[in-house]
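In: Need a 3D model of the sequence below.
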Amino acid sequence: EVQLQASGGGLVQAGGSLRLSCAASGFTVDDYFIGWFRQAPGKGREGVSCISSSDGTTYYADSVKGRFTISNNNAKNTVYLQMNSLKADDTAVYSCAARISNIWAYWGHGTQVTVSS
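Out: Got it, this is the predicted structure:
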């Protein structure tokens, strides 16, 4: 069974940086996406970024382009989200998920990111 574990959240001042990690295991297919999502208090879930396991193609929400970078370390089965120039609006619970056959079917527990202004 696919399992995902997100970590790396914390409290940071505006303009600072954090790196989130998503440790993934249990895949039985080679072609999938790992994505990062976030949900701020009182708001809906927002897709932040995702990366393809097969060719490394990446996607970003407009709100984070140029500030966040997603990458993967296949040897460690870990996907990273480097977040720079953080803003108060980036405050949210961040979760990672796996998409297989176009379905975000597997979710890990979230990690809190708080950006103080």
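In: show me the contacts for the most centrally placed residue in the chain.
Out: The centroid of the chain falls nearest to W36 when counting by Cα atoms, centre = their mean (2.6 Å). For W36, the contact set (Cβ atoms under 8 Å, 6 or more residues apart in numbering) comprises 20, 22, 47-50, 70, 79, 81, 94-97. From N, CA and C alone the C-beta is placed, and that goes for glycine too.
In: can you pick the most crowded of those residues?
Out: C96 (29 neighbours; other Cβ atoms under 10 Å).
In: Surely that residue and C22 touch.
Out: Yes. Between C96 and C22 there is a contact at 3.5 Å, judged by Cβ atoms under 8 Å.
In: Need the three-state assignment for the residue nearest to the centre of the chain.
Out: Classification of W36 by DSSP: H, G, I helix; E, B strand; the rest coil places it in strand.
In: Quickly find the element holding the closest residue to it other than its chain neighbours.
Out: Distances taken as Cβ to Cβ, 6 or more residues apart in numbering put V48 closest to W36, at 4.4 Å, once the chain neighbours are dropped. Element membership for V48 (DSSP states H and E) is strand 45-52.
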